[in-house]
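[1] give me coordinates for this.
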Amino acid sequence: MTGNRKCIGSIEELHELTGVKVDDLHREFVDDLTFTVEGEEGIYRRIEEVLDCWFESGSMPYAQLHYPFENQEVFDKGFPAEYIAEGLDQTRGWFYTLIVLGTALFDTHPFKNVIVNGIVMAEDGKKMSKSLRNYTPPDDLMEEYGADALRLYLINSGLVRGEEQRFANDGVKDMVRRVLLPWLNAFKFFNTYAEIDQWRPSENPLASDNIMDQWILSRLQSLKANIAKEMESYRLYNVVPQLFEFIEELTNWYIRLNRSRFWTEAASVDKTAAYQTLFTTLYELALVMAPFTPFLSETIYQSFKRYLPASVSASVHLCAYPIASKELIQPMLEQAVTRMQHIILLGRQKRNQEKVKTKFPLAELTVIHKDNALLEEISRLESYLASELNVKAVAYSQDESAYINLYAKPNSPVLGKRLGKAFKAFKQQIENLTAEQVDDFQTSGSLSLAGENFSSEDILVFREAREGTDALSDKFVSIELVCELTEPLIKEGLAREVVNRIQKTRKDQHFNVSDRIDIVISADETLTDAIQSHEAHVKRETLTDQLTFSKQKSEVEYDIDGSLLGLTVTRA
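    As a prediction, this is how the structure comes out:
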């Protein structure tokens with residue numbers, strides 16, 4: 001309702017101006033109502049038929065183009081739309097009216113896919129409210145943790161499945177810890193050593209023969225292929241967890257297991273391959289992550305431009321999205337590295353059980369799996385297994401039954417309720433399954449007994465070490481690790497402990513990673529003997545030029561299993 005210069009926003013406001021009771025206004029408005037405000041005359045007109053305003057929104061696909069009066073060709077190209085996206089509360093509103101009008105006017109749905117997000121609630125489950133102040137303003141969150149962290153948290157939540165989400169600041173913080181910092185640290189690791197060595201990528205790099213290089217490049221291509229598959233199906237909730245997994249594999253497995261390749265002083269084909277692999281992985285990861293973490297992706301991309309041709313795009317967001325090179329994908333190798341990870345975790349678990357530190361070497365690790373092809377692939381990773389678990393030798397066996405007792409029991413709370421009186425008979429059959437039958441069930445996830453079908457939720461599988469062995473197992477692989485320490489193994493372990501303390505001292509005294517040092521050591525007879533027995537290893541690992549022993553008091557002191565180690569470290 002307008003006068004010459006006035007606007008009335010509500011029927012209550014009109015009541016105050018005209019004096020007509022609110023209850024009587026509808027009766028008064030059969031005809032136009034003339035009123036005067038501050039000496040100016042206005043007219044309030046009643047519209048007899050009002051259509052639900054959501055139908056205006058539902059007309060969007062054609063109304064925005066002034067169709068059918070113009071833009072016929074443009075409309076035909078964009079209708080139906082590839083997708084629409086809105087909140088769950090739009091089910092009765094926009095989604096509904098789009099479909100009703102599209103069907104009524106064109107006999108088709110106006111969109112091919114719909115992305116529905118859930119409703120964001122406060123952490124206490126209540127509606128977010130300014131008056132209650134039960135949420136942190138987004139600007140404050142982004143100032144503390146960054147916009148990328150907030151974006152990742154929301155994308156990785158139940159919201160993208162149309163579920164309600166209780167918003168928690170700790171969830172945003174966790175994205176920094178789990179994703180952004182590890183990824184940034186991986187970039188800094190590469191950048192630090194590439195600058196030290198003045199490395200630059202080759203225009204025609206040779207394919208690496210290092211198995212871990214092949215693995216991480218295979219995983220990168222698998223990641224790109226999986227992202228393309230999930231995004232084409234609008235399954236955003238399946239994408240971000242894969243990104244998290246890849247970053248964890250890159251930082252905690254690839255870089256950690258290959259650091260020594262970057263630390264070697266002399267240039268070599270292997271060192272060049274390590275640089276090229278890590279550069280390729282980090283560069284393409286920045287492209288892959290750009291839609292999900294636009295700011296950090298752009299920061300890393302800009303830093304990488306000095307390694308790239310001058311013709312590259314000005315921004316990561318102007319680059320084509322990377323396409324998987326399927327010829328680089330090696331499924332068996334990816335499976336072997338996954339099993340290697342399980343083996344390492346089992347080995348650490350066994351050491352913890354026996355209270356044997358990883359720095360003390362052990363004689364032999366036996367990897368046990370019935371698939372010989374997988375064992376052969378794992379054997380290509382033997383040097384990494386031996387280094388990570390600090391064992392002198394690695395053996396392989398397909399005879400799992402010689403090490404592991406495999407058996408099954410029913411999940412009584414589930415099957416008791418389901419089978420009733422028949423439970424006792426099936427319980428006996430399940431417990432009588434042979435190791436081969438249990439293994440087949442574990443592989444397939446299903447089992448049929450006397451016409452009854454069972455899933456992995458119905459039957460519990462147990463793996464126990466056979467008496468007289470030092471075996472350990474999970475559902476993927478088994479190992480035997482004898483944790484007996486001999487005197488030579490103890491000496492080598494003590495020498496590794498000394499290396500650890502020297503590296504800590506270097507860091508505490510702010511030496512650069514490339515600085516060479518001289519060391520003066522004071523130690524008792526046990527430590528001195530261990531250091532002298534492995535002096536070359538100690539000097540190589542700590543970039544030491546000169547190592548001498550002295551009885552004088554040292555700058556820093558450490559206790560190693562009851563022995564006192566004194567260190568005085570200076571730049572060479």
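[2] low-confidence ranges, the protein, go.
    The chain contains residues with pLDDT under 70 at 1-40, 42-48.
[3] name the single longest strand found in it.
    strand 563-571 (DSSP state E).
[4] show residues contacting that one.
    494, 498, 501-502, 505-506, 509, 511, 515-524, 526-527, 550, 553-559 (Cβ atoms under 8 Å, 6 or more residues apart in numbering). Bear in mind the C-beta positions are built from the backbone N, C-alpha and C, glycine included.
[5] what bridges to Val394?
    Beta-bridge pairing for Val394 (DSSP bridges): Leu365.
[6] since we're on it, how many residues are nearby?
    For Val394, the neighbour count with other Cβ atoms under 10 Å is 19.
[7] same question for Ser260.
    11.
[8] so it belongs to a strand, correct?
    No: assessed with DSSP: H, G, I helix; E, B strand; the rest coil, Ser260 is helix; it does not lie in a strand.
[9] please report how far it lies from Leu485.
    Distance from Ser260 to Leu485, counting by Cβ to Cβ, to the nearest Å: 25 Å.
[10] can you check Leu433 too?
    For Leu433, the distance to Leu485 equals 39 Å [Cβ to Cβ].
[11] do the same with Tyr403
    Distance from Tyr403 to Leu485, by Cβ to Cβ: 22 Å.
[12] neighbour count winner among those two?
    Applying other Cβ under 10 Å to Tyr403 and Leu485 shows that Tyr403 carries more neighbours, namely 21 against 17.
[13] centre of the chain to whichever strand or helix holds Lys173, how far?
    Assigned by DSSP states H and E, Lys173 belongs to helix 169-175. Remark: helix 169-175 is offset 14 Å from the chain centroid, using Cα atoms, centre = their mean, to the nearest Å.
[14] again, but for stretch 386-398
    Taking Cα atoms, centre = their mean, one finds the center of stretch 386-398 at 29 Å from the center of the full chain.
[15] which one is Gly347 nearest to, not counting chain neighbours?
    Spatial nearest neighbour of Gly347, excluding adjacent residues (Cβ to Cβ, 6 or more residues apart in numbering): Leu389 at 4.1 Å.
[16] the one you found and Leu447: what is the separation?
    Counting by Cβ to Cβ, the separation of Leu389 from Leu447 is 35 Å.
[17] cool, Ser522 as well?
    65 Å.
[18] one more: Gln349?
    Gln349 is 28 Å from Leu447, by Cβ to Cβ.
[19] buried subset of the contacts of strand 563-571?
    When the contacts of strand 563-571 are checked for burial by 16 or more other Cβ atoms under 10 Å, the buried set is 494, 498, 501-502, 505-506, 511, 517, 519-523, 527, 554, 558.
[20] from those, which single one is nearest Arg256?
    Comparing the buried ones among the contacts of strand 563-571 against Arg256 with Cβ to Cβ places Arg506 closest, at 18.7 Å.
[21] give me the number of neighbouring residues for Gly468.
    Using other Cβ under 10 Å: Gly468 sits among 7 other residues.
[22] now do the one 4 residues further on
    Applying other Cβ under 10 Å, we find 23 residues neighbouring Leu472.
[23] give me the residues contacting the helix or strand hosting Arg351.
    Using DSSP H and E, Arg351 falls within helix 331-354. Applying Cβ under 8 Å, 6+ apart, the contact partners of helix 331-354 are 211-212, 214-215, 218-219, 222, 253, 357-358, 365, 367, 369, 373-374, 377-378, 380-381, 384-385, 388-389, 391, 470, 472-474, 476-479, 481, 483.
[24] Arg418 and Arg256: what is the separation?
    Remark: distance between Arg418 and Arg256 (Cβ to Cβ) = 46 Å.
[25] who has more neighbours out of those two?
    When neighbours are counted by other Cβ under 10 Å, Arg418 and Arg256 differ, and Arg418 comes out ahead with 14 against 11.
[26] please, which helix or strand holds that one?
    Arg418 belongs to helix 412-419 when assigned by DSSP H and E.
[27] how far out from the middle of the chain is that helix?
    Taking Cα atoms, centre = their mean, the mean C-alpha location of helix 412-419 is offset from the chain mean by 37 Å.
[28] same check, this time on stretch 120-130
    On Cα atoms, centre = their mean, the centre of stretch 120-130 falls 27 Å from the chain's centre.
[29] show me what contacts the residue nearest to the spatial centre of the chain?
    The chain has Phe244 as the residue nearest its centroid, 0.8 Å off, counting by Cα atoms, centre = their mean. Going by Cβ under 8 Å, 6+ apart, Phe244 touches 156, 178-179.
[30] tilt between whichever strand or helix holds it and helix 331-354?
    According to DSSP H and E, Phe244 maps onto helix 240-249. Here the directions of helix 240-249 and helix 331-354 differ by 60 degrees (axes from the mean of the first three to the mean of the last three Cα atoms, to 10 degrees).
[31] got the buried residues for helix 240-249?
    Those would be 240, 243-244, 246-247, 249, for helix 240-249 by 16+ other Cβ under 10 Å.
[32] what does stretch 479-494 give?
    479-481, 485, 489, 491-494.
[33] which residues touch it?
    Contacts of stretch 479-494 (Cβ under 8 Å, 6+ apart): 343, 346-347, 350-351, 354, 356-357, 359-368, 389, 391, 403, 469-473, 526-527, 529-531, 533-534, 560-561, 563.
[34] swap in stretch 421-435?
    Outside stretch 421-435, the residues within contact range by Cβ under 8 Å, 6+ apart are 400-401, 405-410, 412, 415-416, 419, 441, 449-450, 452, 454, 459.
[35] strands - which of these land there?
    Using DSSP E, the contacts of stretch 421-435 in strands are 405-410, 449, 452, 454, 459.
[36] identify the farthest-apart pair in the residues you listed.
    Asn405 and Glu452 (25.6 Å).
[37] hey, where'd the strands end up in the stretch 101-250 of the chain?
    Along the stretch 101-250 of the chain, counting by DSSP state E, counting those that start in this stretch, strands occupy 111-117, 120-121, 165-166.
[38] in its sheet, what does the first one sit against?
    Read that as strand 111-117. strand 81-87 (parallel).
[39] centre of the chain versus the strand it pairs with, how much separation?
    Using Cα atoms, centre = their mean, the offset of strand 81-87 from its chain centre is 26 Å.
[40] buried residues, it. List them.
    Neighbour-count burial for strand 81-87 [16+ other Cβ under 10 Å]: 81, 84, 86.
[41] quick one: which of these is nearest Asn204?
    For the buried residues of strand 81-87, the nearest to Asn204 is Ala81 (44.0 Å; Cβ to Cβ).
[42] pretty sure that closest one sits against Phe111.
    Yes: counting by Cβ atoms under 8 Å, Ala81 does reach Phe111; the two are 4.5 Å apart.
[43] fine by me, thanks again.
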